[in-house]
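Chemist: Any chance you could fold what I've pasted below:
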Amino acid sequence: MNNVSYADQKIGSREMVIIIANAVIGVGILTFPRSIADETDAFDGWISVLIAGAAACLIGWLLGRLASRFPNHTFFEYVALIAGRPFAYLLTLLFGVYSTLLASFEIRAVGNIAKQYLFTTTPVEMITLAFLLIVQYAAAGSRIALLRLNLLFLPIVLLVIFMVQVYTLRFLEWENVRPFFSSDWMSLLKGAKGVGLSLSGSEIVLFYTVLMRRPQDAPKSVIAGLAIPILLYMTIYMLVIGVFSPAVAKNLTYPTIELAKGVEVPGGFIERVESLFFTIWIMTIFNTCTIWFDLALSTLRSMFTRLSKFAWILILSPIVYLIAMTPQNLIQFFAFGDRLSYFGAVIAYVIPVLLLAIAKLRGVKDSG
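Modeler: Sure thing, here's the model as predicted:
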């Protein structure tokens with residue numbers, strides 16, 4: 001009788017692909033068409049998505065190379081091998097702060113959007129708290145079980161999004177997508193910068209490679225995992241512009257939600273597709289948020305081993321909630337997201353790439 005492959009507390013390359021895809025598909029999928037339409041002309045924003053996606057794949061591949069170079073060590077341990085323990089403590093702590101901020105951002109996004117479209121009379125504080133409690137409960141269990149939830153949810157998410165895209169094709173107006181290639185390169189690069197936060201997530205490979213059966217496959221898994229949201233973002237942007245026009249897309253807070261609201265399934269099989277879309281989107285945010293909450297816990301536990309996981313959950317949860325409730329309106333909320341993307345670019349991308357260069361120059365590799 002064969003052993004159950006899921007009983008070894010390890011994840012495979014396919015699971016890493018899906019985990020990265022789920023980590024990337026988050027709040028940004030609802031707002032990114034607006035930020036691109038602000039900078040580019042007509043239909044050309046898909047080029048910005050492609051540029052941002054190529055940059056994300058390159059950086060993600062480098063992060064995968066760094067993590068696969070030390071397959072038997074945690075992030076804190078291999079940073080200590082490369083740059084010394086004091087720097088490892090500092091960088092791991094900053095990663096913990098970054099993960100905590102991202103979890104807060106995602107949780108508040110659920111509160112904002114659920115209040116606007118679903119629970120109009122419920123205070124956003126209560127919606128946010130309820131979602132945090134669910135994330136807290138999930139993070140308290142097994143890390144492997146938490147990661148494997150992605151295998152269950154992602155196919156459903158992709159299926160519903162594909163259905164939304166198919167049924168919006170009939171609303172396309174070709175006048176909205178012309179003229180082609182009218183944006184200059186500077187505008188396209190500014191649009192690519194606007195997709196930055198939406199494509200963040202590949203940095204989780206730095207922490208989860210140690211759980212892989214074949215850590216050497218981490219770089220390829222990152223590329224494959226990023227390919228899914230990049231393709232998804234390109235098609236969603238094209239449809240948003242084709243249906244609403246660039247001028248309208250610039251003034252929609254959540255263009256992707258408005259796209260789903262216009263869907264009508266023939267025969268009345270589903271009367272309100274946006275309700276189904278909200279359901280699967282909340283499943284996606286749940287996965288994304290639990291990943292960041294888990295990373296915040298794991299980074300802190302790797303440095304301060306005396307406290308248990310449950311103790312760290314009790315410490316972190318009120319901090320996450322207070323940060324989530326700090327923005328007083330949507331302007332402050334989106335400004336918080338922009339600042340977070342710049343902070344993450346340095347902590348999650350620039351410094352780890354420099355660490356990879358130092359490890360190669362000094363010949364530092366996994367010793368055990």
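Chemist: thought residue 225 was touching residue 199?
Modeler: No. The criterion here is CB atoms under 8 Å, and residue 225 misses it with residue 199 at 11.1 Å. (Glycine included, C-beta is placed from N, CA and C.)
Chemist: got any residues that touch both of the two?
Modeler: Common contacts of residue 225 and residue 199 (CB atoms under 8 Å, 6 or more residues apart in numbering): residue 24.
Chemist: Which stretches in the stretch 151-300 of the chain count as strands?
Modeler: Under the criterion DSSP state E, counting those that start in this stretch, the stretch 151-300 of the chain contains no strands.
Chemist: And the helices in it?
Modeler: 185-194, 205-208, 218-244, 246-249, 255-261, 273-303 (DSSP state H, counting those that start in this stretch).
Chemist: how about the first one: buried residues?
Modeler: With burial defined by 16 or more other CB atoms under 10 Å, the residues of helix 185-194 counted as buried are 187, 188, 189, 190, 191, 192, 193, 194.
Chemist: now the last one
Modeler: Residues of helix 273-303 classed as buried: 273-274, 276-278, 280-302 (neighbour count, 16+ other CB under 10 Å).
Chemist: any residues touching the helix or strand that that helix is followed by, and which ones?
Modeler: Remark: after helix 273-303, the chain's next helix or strand is helix 309-324, criterion DSSP states H and E. Outside of helix 309-324, the residues within contact range by CB under 8 Å, 6+ apart are 100-101, 103-105, 107-108, 111, 128-129, 132, 136, 139-140, 293, 296-297, 300-301, 307.
Chemist: Where does pLDDT dip in the stretch 201-350 of the chain?
Modeler: Along the stretch 201-350 of the chain, the parts satisfying pLDDT under 70 run over 262-274.
Chemist: related to what we said a few turns ago, let's have the helices of the stretch 151-300 of the chain in TSV, adding distance to residue 361.
Modeler: Supplementary listing: the helices of the stretch 151-300 of the chain in TSV, determined by distance: least, CB to CB, whole Å:
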stretch	distance to residue 361
helix 185-194	30
helix 205-208	19
helix 218-244	19
helix 246-249	46
helix 255-261	44
helix 273-303	25
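Chemist: Report the inter-axis angle for the longest helix anywhere in the chain versus helix 273-303.
Modeler: If each helix of the chain is counted by residues according to DSSP state H, the longest one is helix 85-117. Using axes from the mean of the first three to the mean of the last three CA atoms, to 10 degrees, one finds that helix 85-117 and helix 273-303 are set 160 degrees apart in direction.
Chemist: And the average pLDDT for helix 85-117 is what?
Modeler: Looking at helix 85-117 alone, the average pLDDT works out to 89.
Chemist: in that helix, what's buried?
Modeler: With the criterion 16+ other CB under 10 Å, helix 85-117 contains buried residues 88-89, 91-92, 94-115.
Chemist: And stretch 209-228, by the same measure?
Modeler: For stretch 209-228, the neighbour count (16+ other CB under 10 Å) marks 209-212, 214-215, 217-226, 228 as buried.
Chemist: roughly how far is that stretch from the heart of the chain?
Modeler: Stretch 209-228 sits 16 Å away from the centroid of its parent chain (CA atoms, centre = their mean, to the nearest Å).
Chemist: End to end on it, go ahead and measure it.
Modeler: 20 Å (CA to CA, to the nearest Å).
Chemist: and residue 119, what is it in contact with?
Modeler: Under the criterion of CB under 8 Å, 6+ apart, the neighbours of residue 119 are residue 127.
Chemist: pretty sure residue 72 is in contact with residue 210, am I right?
Modeler: Yes. Using CB under 8 Å as the test, residue 72 is close enough to residue 210 to be in contact (7.1 Å).
Chemist: Please list all residues in contact with the closest residue to residue 13 other than its chain neighbours.
Modeler: Of all residues not flanking residue 13 in the chain, residue 217 sits nearest, at 4.2 Å (CB to CB, 6 or more residues apart in numbering). Counting by CB under 8 Å, 6+ apart, residue 217 touches 13, 16, 68.
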